[in-house]
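> sequence plus the predicted model coming up.
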Amino acid sequence: MTLNNSTIISVIKNHSGIDIESVKYLGGGSFGRVYKCTDKNSKPYAFKVFLTPDMAEKEAFALRTLAQSKSIKIPEVYFVTTDRDKSPLDCMLFEFIDGKNGLSPALLFASKKKRQEFADIVINAQLAIHNIKSDKYGPIESPIYDTWLDFYRPFAEKIYKDAIEKNKEGKFDKFVLDIMHEAWKEFDNIFTDEVTEACLIHGDLNVMNIMIDKNLKPIAFIDPLNSMYADREYDLFQLMNLTGEHFGLYDNYKSKFKVSEKCDQKCAFYRLWNEALVYLNTGTYTGFIMRSAINYMKKQLKTL
């Protein structure tokens, strides 16, 4: 079975009974491809094909859990399939959000007031998500760790060791590994502040995953990644990525919630390690995002 429009139509019909009349490719990234599918009554749906195993069910679970905050629209999931007899790849059908993502040039060049309104809505919604707590830390489906570092230290150490091995194979750039060496030596110094709350996080809340309407107002969060019950500050480094700093998202969060003393250093570490993980998982990285993460890590190391 190959993935084409006919296959997509067939998968949707078999799992939901919905008759799709048109399929339009919307775009994708390292982990998946998204299509707009319209039925005979002109109702649109979003259909996502996952390129990495086990991500479909994780994302569906995350979307359903994040929706509990009721702070902003989270797309409703209609079905998920990982059945290879019925689909060539893991797939998910979910609610189509009619809007544009936060990378829209109209928003980028909007008035200061509009940009402030955008930031306030985003951060207030994120704070509401962080108010959903667990007694344990770890993956959203099964948090089992008593402390944040019980989970994060071995998680980060594995990324570090995998980067070293990939570098030996010529598959991980030395300039990335060099700054990881420097940051890893300071791990205990960076993570001195005790994390006391296991908060629900989106995991990938950059502007590209924030949908806006024609009035440039945020209307939905999409595409959670590695959602978990975690240090809330693990959800903040993405606010700096892409055009996030133009809207002051990170500073807006810190103005509304008292973060830890070493929040900046922690976020620099989280940010660099996240980009390293993407690099390890996909074999590539986005140059300007990686360079920004490295420069921010270098800056924060000087403050220790």
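That came through fine. Residues are numbered from 1 along each chain as shown.
> distance of T192 relative to A198?
19 Å (C-beta to C-beta, to the nearest Å). Quick note: C-beta positions are derived from backbone N, CA and C, even for glycine.
> nope, T286 is what I was after
Taking C-beta to C-beta, one finds T286 at 30 Å from A198.
> look at these two and report which has more neighbours.
A198 (24 against 16; other C-beta atoms under 10 Å).
> mind listing the helices for the stretch 51-200 of the chain?
55-66, 105-108, 112-130, 148-168, 174-185, 187-190 (DSSP state H, counting those that start in this stretch).
> out of those helices, which gets nearest to I20?
helix 55-66 (18.6 Å; C-beta to C-beta).
> what about that closest one, distance to the chain center?
In terms of C-alpha atoms, centre = their mean, to the nearest Å, the centre of helix 55-66 is set 12 Å apart from its chain centre.
> now stretch 82-97
That offset, for stretch 82-97, works out to 20 Å (C-alpha atoms, centre = their mean).
> so which bits of that stretch are buried?
T82, S87, L89, D90, C91, M92, L93, F94, E95, F96, I97 (16 or more other C-beta atoms under 10 Å).
> so what does the last one look like in phi/psi?
Recorded main-chain torsions at I97 are phi -100, psi 120, according to degrees, to the nearest 10.
> gap between it and K171?
Separation of I97 from K171 (C-beta to C-beta): 36 Å.
> is K48 located within a strand, as I assumed?
Yes. Checked against DSSP: H, G, I helix; E, B strand; the rest coil, K48 lies within a strand.
> need the contact list for it.
K48 makes contacts with G32, R33, V34, Y35, A56, E59, C91, M92, F94, as judged by C-beta atoms under 8 Å, 6 or more residues apart in numbering.
> how about 10 Å then?
K48 makes contacts with 26, 28, 31-35, 55-56, 59-60, 75, 80, 89-94, 222-223, as judged by C-beta atoms under 10 Å, 6 or more residues apart in numbering.
> which among those end up buried?
31-35, 55-56, 59-60, 75, 80, 89-94, 222-223.
> circling back to that earlier point, just the buried residues of stretch 82-97: which are in strands?
Filtering those for membership in strands, criterion DSSP state E, returns D90, C91, M92, L93, F94, E95.
> was I right to think the last one contacts L63?
If I follow you right, that is E95. Yes. Taking contacts as C-beta atoms under 10 Å, E95 lies within contact range of L63: 9.2 Å.
> next, show the common contact partners of these two.
Listed contacts common to E95 and L63 are I74, P75, E76, V77, I222; contacts here mean C-beta under 10 Å, 6+ apart.
> now the residue lying closest to G99 once chain neighbours are set aside: how far from V122?
Leaving aside its sequence neighbours, G99 sits nearest to M211 (C-beta to C-beta, 6 or more residues apart in numbering; 4.4 Å). For M211, the distance to V122 (C-beta to C-beta) stands at 11 Å.
> name the residues contacting each of the two.
I72, G102, P218, F221.
> most neighbours of all the residues you listed, which one?
Across these, neighbour numbers were computed from other C-beta under 10 Å; F221 holds the maximum, 26 neighbours.
> which ones are touching that residue?
Shown in contact with F221 (C-beta under 10 Å, 6+ apart): 63, 66-67, 69, 71-75, 97, 122, 125-126, 129, 202, 204-205, 209-211.
> show me how to select, in PyMOL, the buried members of the residues you listed.
Entered in PyMOL, the line below selects the buried ones among those, by 16+ other C-beta under 10 Å:
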select buried, resi 63+66+67+69+71+72+73+74+75+97+122+125+126+129+202+204+205+209+210+211
